[in-house]
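Colleague: Give me a 3D structure for the following:
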Amino acid sequence: MKQKVLKQAGLPDALTQELSERYDLCELAQMTATDFAAIASEVTAVVTNGEAVVTREFMQSLPGLKLIAVFGVGYDGVDVSAARDFGVAVTHTPGVLTDDVADLAIGLMLATSRQIVAAQRFIEQGNWSSGGFQWTRKVSGKRLGIIGMGRIGQAIARRASAFDMEIAYSNRTELTGVPWRYIADLQLLAQDSDFLMVCVPGGVETKALVNQAVLAALGSAGILINISRGSVIDEVALINAIDNKVIAGAGLDVFVDEPNVPVTLQQRDNVVITPHMASATWETRREMSQLVMANVNAWFAGEPLVTPVPA
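Modeller: So this is what the prediction gives:
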């Protein structure tokens with residue numbers, strides 16, 4: 001008899017197919033409240049994604065729950081404290097998406113500073129015949145401040161080094177054995193940066209970490225890039241800063257209320273927006289799916305989990 005697994009949020013089709021072949025997969029989106037109540041006591045594992053919310057109440061509704069496997073490196077939507085209280089293990093998919101996220105971060109930095117999207121619109125709207133496109137901002141040799149020097153932050157720093165950028169970072173603690181300058185205070189880091197890159201996890205501790213004061217410190221020539229979580233930035237303060245030219249622009253892959261992106265961030269020459277797609281390549285999503293399966297399979301086999309979230 002197959003073990004019952006609950007799919008709580010959207011997953012790639014190939015992963016859904018593999019889970020359904022190996023387990024008795026129930027999809028929450030297709031269930032009524034009565035359907036859910038009928039299978040709740042039998043569910044021992046939940047598979048979800050990095051944008052979904054898994055609350056204490058939801059866990060309580062599954063009395064046999066022992067594993068939450070997150071398709072994504074971010075797990076701030078999971079009440080990890082509640083999971084610990086209930087003896088539920090939580091896994092995620094770190095490492096395999098580092099390169100893709102770092103690549104997009106550099107892409108956003110280049111696209112925003114050189115206004116590549118606006119330049120394409122300029123051509124498409126037939127404006128080139130009337131004169132050249134407005135001048136933009138250089139990237140090479142500029143100062144890059146990175147908030148959060150984990151795997152992704154370090155991968156971005158290595159890529160930025162190829163552009164001869166002067167790199168500084170802020171982190172919970174100063175790292176040993178890295179060549180980059182540590183600046184603990186975010187406002188001082190922003191003040192010392194031409195580009196400010198946000199790479200920290202979401203959650204209560206980092207909510208609105210980049211606020212009005214940090215944006216003011218970044219200044220009218222500074223550009224903000226966010227590939228972490230929308231909640232890390234005070235979005236109202238950011239829109240204010242762009243409206244009033246407090247900063248020069250922003251490149252954003254994540255937003256506070258996805259998929260709802262404020263209209264005021266759209267159709268701007270100095271703002272580049274993408275739909276939370278940093279890890280969305282065929283190669284990386286395949287590896288993420290494999291890691292989810294490895295964690296679920298390990299748990300049912302009574303083996304050590306491959307990538308549990310940090311204790």
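Colleague: Which parts of this protein are helices?
Modeller: Under the criterion DSSP state H, the chain carries helices at the ranges 13-22, 33-39, 56-60, 80-86, 98-113, 116-124, 151-161, 186-191, 212-218, 235-243, 282-300.
Colleague: Please tell me how far Pro310 sits from Glu51.
Modeller: Counting by CB to CB, to the nearest Å, the gap from Pro310 to Glu51 is 20 Å. (Each C-beta comes from the backbone N, C-alpha and C, glycine too.)
Colleague: Show me which of those two is the more surrounded one.
Modeller: Glu51 (19 against 9; other CB atoms under 10 Å).
Colleague: For stretch 112-127, measure first residue to last.
Modeller: 20 Å (CA to CA, to the nearest Å).
Colleague: Now it: buried residues?
Modeller: Thr112, Ser113, Arg114, Gln115, Val117, Ala118, Ala119, Phe122 (16 or more other CB atoms under 10 Å).
Colleague: Reformat the residues you listed as TSV; add pLDDT and distance to Asp253.
Modeller: Formatted as TSV, the buried residues of stretch 112-127 follow (pLDDT from 0 to 100; distance: CB to CB, whole Å):
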residue	pLDDT	distance to Asp253
Thr112	98	11
Ser113	98	16
Arg114	98	17
Gln115	98	17
Val117	98	13
Ala118	98	18
Ala119	98	20
Phe122	98	23
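Colleague: Looking at those, spot the one nearest Gly131.
Modeller: Minimum distance to Gly131 across those is 10.0 Å, recorded for Phe122 (CB to CB).
Colleague: Report the contact partners of that closest one.
Modeller: The neighbourhood of Phe122, defined by CB atoms under 8 Å, 6 or more residues apart in numbering, consists of Trp128, Phe133.
Colleague: Same check on the one 5 residues further on?
Modeller: Contacts for Asn127 (CB under 8 Å, 6+ apart) come out as Phe133.
Colleague: at 10 Å what do you get?
Modeller: Counting by CB atoms under 10 Å, 6 or more residues apart in numbering, Asn127 touches Ala119, Arg121, Phe133.
Colleague: JSON lines for those residues, including distance to Val232?
Modeller: JSON lines is the format used below for those (distance: CB to CB, whole Å):
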{"residue": "Ala119", "distance to Val232": "29"}
{"residue": "Arg121", "distance to Val232": "29"}
{"residue": "Phe133", "distance to Val232": "32"}
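Colleague: still on that earlier bit, which one of the helices of the chain lies nearest to Ser228?
Modeller: Among those, helix 151-161 sits nearest to Ser228 (CB to CB), with 8.1 Å.
Colleague: between that closest one and helix 98-113, how big is the angle?
Modeller: 50 degrees (axes from the mean of the first three to the mean of the last three CA atoms, to 10 degrees).
Colleague: Pull out the buried residues from helix 151-161.
Modeller: Across helix 151-161, burial judged by 16+ other CB under 10 Å covers Arg151, Ile152, Gly153, Gln154, Ala155, Ile156, Ala157, Arg159, Ala160.
Colleague: Which strands and helices lie in contact with it?
Modeller: helix 98-113, strand 143-147, strand 166-170, strand 195-198 (3 or more CB pairs under 10 Å, 6 or more residues apart in numbering; DSSP states H and E).
Colleague: could you dump the ones you listed to a markdown table with distance to Val236?
Modeller: Listed next are the helices and strands packed on helix 151-161 as a markdown table, based on distance: least, CB to CB, whole Å:
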| stretch | distance to Val236 |
| --- | --- |
| helix 98-113 | 20 |
| strand 143-147 | 19 |
| strand 166-170 | 22 |
| strand 195-198 | 16 |
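Colleague: May I have the beta-bridge partners of the spatially closest residue to Thr112 that is not a sequence neighbour?
Modeller: Of all residues not flanking Thr112 in the chain, Gly251 sits nearest, at 3.9 Å (CB to CB, 6 or more residues apart in numbering). Note on Gly251: beta-bridge partners Ile225, Val272, judged by DSSP bridges.
Colleague: list the contacts for Gly251?
Modeller: 104-113, 117, 195, 197, 223-227, 270-274.
Colleague: swap in Val46?
Modeller: Going by CB under 10 Å, 6+ apart, Val46 touches 5-9, 26, 28, 52, 54, 58-59, 62, 65-70, 78, 88, 90, 296.
Colleague: Filter those residues down to the buried ones and hand me the PyMOL line.
Modeller: Of the contacts of Val46, the buried ones go into a single PyMOL selection, burial set by 16+ other CB under 10 Å:
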select buried, resi 5+6+7+8+9+26+28+52+54+58+59+62+65+66+67+68+69+70+78+88+90+296
